[in-house]
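Engineer: After the sequence you'll find the predicted model.
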Amino acid sequence: MSDRAEENPLADTRELTAQEAPPGVDRRAFLMRTAVGGAAVVMTGCAASPEEQKAKAVATIPVTPVPPSAPPLSKDLNVVKKGEGPVLTTVDEFYKVGPGPSSSHTIGPMRITYDFYQRATKLPADQLAKATKLQVNLFGSLSATGKGHGTERAALAGLVGHEPATVDPKFLDSLRDKPDQVFPVKLGSKSIDVSLKDVVYDATKGDFKHPNTMTVKLLAGNDVLLEQEYYSIGGGFIEWKGYEPPKKNAPKYPFRLMKELRSHADSNNTTIGKIMLANEMSISGKSEAEVYAWVDKVINAMVATVKSGLAMPEDDVLPGPIKLHSKAATVYKRAMDDKFQADRGIGVLSAFALAASEENGRGHLVITAPTGGSAGVMPAIVYGLSEVRKVDRQKIREGMLAAAAVGYLCKHHATLSAAEGGCQAEIGVASGMAAALAATAFEMPNEVVENAAESAIEHHLGMTCDPVAGYVQVPCIERCAFGAVKAWTAVAIASNEIASRHRVNLDATIAALAETARDMNSKYKETSEAGLAQSVVLC
Ligand code: SF4
């Protein structure tokens, strides 16, 4: 803390608040920015000068006025249309392994450029012979916060043939450390050199079909040989212009609402997890053993990410300008010394979430559940159930399927994308999923499973997305810990209240999530234009 702040932490902020707006700058916006900056200086103790505050205020005023809310999603996107039919998502689409820190800004773009590369290889040989350049253009939120998420590195990795589940995070680190590297991409008889310069941060605002829009082109000089517009719709899912969802088999127990899913489970005297297993098998054509093999892979990967996060040195600093110190190992160690068991429980559960989320911040492999930013929530509960409570593996598997059902419903009727719905769509959904997982693993009735998931999501409604400097670190990492603890709290309340008196059902809460997402000011949808992203002063 600076001497000045130590002398009087509540000092008059006028000295720090520039009063005169520079020519050509909106005075109201300027005064608001400088006031926020001045207050932040006093609160944080960062000794920024009035000139620095002024420069920051000017730099952060949007060049064009920010619209009050994001434009509606294009109605022809499948992500909008499919809320009409039964849920057809499967676990291998939903729980994806890939590099952090953001499923929509790293896993999605890498899948997109990999998809484009595959398409390009199928062009006739005479066309490929003319090719001279590959180019990726990022728009909307991908452009606004892509730098902090490493979107350009993920996009380049896909172009050179890497897939999210198998890419070595060290390859992505090497792109960060040596950004001038050039890679040959083989297309037929042609070899085209690509580098990070071929990934263009384009317009952040415009009439896009989805806030996470990108285009990929194969060029012959100025002529376009192949071009595709893509959308990274959240959770690592992708669509493209003209996208038709793959044909799938009908589910054994069709549902589009939790009410219908519960009714299948209750009338068959079984669990939500078992109904989901039957649906997974009928939709994908896989055997029970195959479905569970994938679920086991996901559980093991979640346990591994917590373990590797806890094993990082206590003085580790995460990549990026925030210079955020890792805290998982420290919180774990100190929490284990807590005198009271309840404090210990909350402390270590938080440490598990911090550990997995910090792995995400490092760009290491994480599991979307439902996204990269929220990738600490479910692993914390999985780790607690499996490694601490030693809950039977079969119960955890069923819990993972019940959790998936909650995530599917949110994807079906609302969104998993912070660029569409703020953080409620990431951490909120993750918390609801984690609550369903724990309640199922503890063999609670279906009604309690729904109530727990509902509560956990309900108390994240309205939560905005405002990552500082565009990095998925602040508030994201601690937010994962809160998401996990809220999930645990939701289970504690749901299992101890009289379940039939629970007044709000999950379908109503998901409808509120969707409505809130529509109404939320676009500044709070992963643009880093508001909230903490503006008030936190990096120094
Ligand atoms: S604030 Fe929430 S939604 Fe936004 S990047 Fe962080 S974790 Fe994701």
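Structural biologist: The structure has been received and is ready for your questions. Worth saying up front: this structure is predicted, and the values here are computed from it rather than measured. Residues are numbered from 1 along each chain as shown.
Engineer: Could you pull up phi and psi at whatever residue of the stretch 1-150 of the chain ends up closest to the ligand?
Structural biologist: Taking C-beta to the nearest ligand atom as the measure, the stretch 1-150 of the chain has Ser102 as its residue closest to the ligand, at 6.3 Å. The way it works is simple: take the backbone N, C-alpha and C, and place the C-beta from them, glycine included. Taking degrees, to the nearest 10, you get phi -150, psi 120 for the backbone angles of Ser102.
Engineer: In this structure it contacts Pro370, no?
Structural biologist: No. Ser102 lies out of contact with Pro370 (C-beta atoms under 8 Å); the separation is 11.9 Å.
Engineer: Which one of the two is surrounded by more residues?
Structural biologist: Neighbours around Ser102 and Pro370, counted as other C-beta atoms under 10 Å, are more numerous at Ser102. The numbers are 42 against 35.
Engineer: and the more buried one, what does it touch?
Structural biologist: His149, Thr371, Gly372, Gly373, Val472 (C-beta atoms under 8 Å, 6 or more residues apart in numbering).
Engineer: now, which of those sits nearest the ligand?
Structural biologist: Out of the contacts of Ser102, the one with the shortest distance to the ligand is Gly373. That distance is 2.6 Å, counting by C-beta to the nearest ligand atom.
Engineer: Need the three-state assignment for that closest one.
Structural biologist: On the three-state scheme (DSSP: H, G, I helix; E, B strand; the rest coil), Gly373 is labelled coil.
Engineer: Please list all residues in contact with it.
Structural biologist: Gly373 sits next to Pro101, Ser102, Ser103, Asn360, Ala418, Cys423, Glu426, Ile427, Cys465, Pro467, Val472, Cys476 when contact means C-beta under 8 Å, 6+ apart.
Engineer: can we see that at 10 Å?
Structural biologist: Applying C-beta atoms under 10 Å, 6 or more residues apart in numbering, we find Gly373 in contact with 100-105, 149, 357, 360-361, 366, 418, 423, 425-427, 430, 465, 467, 472-473, 475-477, 479-480, 526.
Engineer: next one: Tyr524
Structural biologist: Contacts for Tyr524 (C-beta under 10 Å, 6+ apart) come out as 69-70, 418, 421-423, 462-466, 530-531, 533.
Engineer: For Ser102 and Pro370, list the residues in contact with both.
Structural biologist: Gly234, Gly236, Glu426.
Engineer: Just the pLDDT at the first one, thanks.
Structural biologist: Think Gly234. According to the per-residue confidence, Gly234 scores 87 in pLDDT.
Engineer: wait, doesn't it sit right on Thr415?
Structural biologist: Yes. Gly234 lies in contact with Thr415 (C-beta atoms under 10 Å); the separation is 5.9 Å.
Engineer: Give me the secondary structure label for the residue lying closest to Pro254 once chain neighbours are set aside.
Structural biologist: Taking C-beta to C-beta, 6 or more residues apart in numbering, and ignoring the residues beside it in sequence, Pro254 has Pro86 as its nearest neighbour in space, at 3.9 Å. Of the three states, Pro86 takes coil under three-state DSSP.
Engineer: burial count for Pro86?
Structural biologist: Tallying neighbours of Pro86 according to other C-beta under 10 Å, which is how burial is gauged here, yields 17.
Engineer: Counting neighbours, what do you get for the nearest residue to Glu426 once chain neighbours are set aside?
Structural biologist: Across the structure, with C-beta to C-beta, 6+ apart as the measure, the residue nearest Glu426 apart from its sequence neighbours is Ser374 (4.2 Å). Residues near Ser374, counting by other C-beta under 10 Å, number 36.
Engineer: doesn't Cys423 make contact with Ser374?
Structural biologist: Yes. Here Ser374 lies in contact with Cys423, judged by C-beta under 10 Å, at a distance of 8.3 Å.
Engineer: which neighbours do these two share?
Structural biologist: With the criterion set as C-beta under 10 Å, 6+ apart, the overlap between the contacts of Ser374 and Cys423 is Val429, Ala430, Cys476, Arg479, Gly483.
Engineer: Tell me which two of these sit farthest apart.
Structural biologist: Distances among the shared contacts of Ser374 and Cys423 were taken as C-beta to C-beta; the most separated pair is Val429 and Cys476, at 14.2 Å.
Engineer: So between these two, which is more surrounded?
Structural biologist: The residue with more neighbours, out of Val429 and Cys476, is Val429; 35 against 29, by other C-beta under 10 Å.
Engineer: going on from the strand or helix carrying the more buried one, what's the next piece of helix or strand?
Structural biologist: Secondary-structure assignment from DSSP states H and E places Val429 in helix 427-441. Downstream of helix 427-441, the next assigned helix or strand under DSSP H and E is helix 446-458.
Engineer: Report the buried residues of that following helix.
Structural biologist: Buried residues in helix 446-458, counting neighbours by 16 or more other C-beta atoms under 10 Å, are found at 446-458.
Engineer: List the contacts of stretch 329-338.
Structural biologist: 306, 309-316, 327, 343-355, 358, 481.
Engineer: Could you list the residues of the chain in contact with the ligand?
Structural biologist: Applying C-beta under 6 Å from any ligand atom, we find that the chain lies next to the ligand at 373-374, 418, 423, 426-427, 465, 467, 472, 475-476, 479, 526.
Engineer: Counting by contacts, list what the longest helix along the chain packs against.
Structural biologist: Identified as the longest helix of the chain according to DSSP state H is helix 288-310. Judged by 3 or more C-beta pairs under 10 Å, 6 or more residues apart in numbering; DSSP states H and E, the packing partners of helix 288-310 are helix 91-94, strand 97-99, helix 272-284, helix 328-336, helix 341-361, strand 365-367, helix 377-383, helix 393-413.
Engineer: Would you mark the buried spots in that helix?
Structural biologist: Of the residues in helix 288-310, those with enough neighbours to count as buried (16+ other C-beta under 10 Å) are 291-292, 294-295, 297-299, 301-310.
Engineer: Please save the CA atoms from it in CSV.
Structural biologist: Extracted as CSV, the C-alpha positions of helix 288-310 are listed here (Å, rounded to 0.1, in the frame of the first residue of the first chain):
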residue,chain,number,x,y,z
GLU,A,288,-24.0,-49.1,-20.8
ALA,A,289,-20.3,-50.0,-20.4
GLU,A,290,-19.4,-47.5,-23.2
VAL,A,291,-21.4,-44.7,-21.6
TYR,A,292,-19.9,-45.3,-18.2
ALA,A,293,-16.4,-45.6,-19.7
TRP,A,294,-16.7,-42.0,-20.9
VAL,A,295,-18.1,-40.9,-17.6
ASP,A,296,-15.2,-42.6,-15.8
LYS,A,297,-12.8,-40.8,-18.1
VAL,A,298,-14.4,-37.5,-17.1
ILE,A,299,-14.4,-38.3,-13.4
ASN,A,300,-10.7,-39.4,-13.5
ALA,A,301,-9.8,-36.2,-15.5
MET,A,302,-11.6,-34.1,-12.9
VAL,A,303,-9.8,-35.7,-10.0
ALA,A,304,-6.5,-35.3,-11.9
THR,A,305,-7.0,-31.6,-12.5
VAL,A,306,-7.7,-31.0,-8.7
LYS,A,307,-4.6,-33.0,-7.8
SER,A,308,-2.3,-31.2,-10.2
GLY,A,309,-3.7,-27.8,-9.1
LEU,A,310,-3.0,-28.7,-5.5
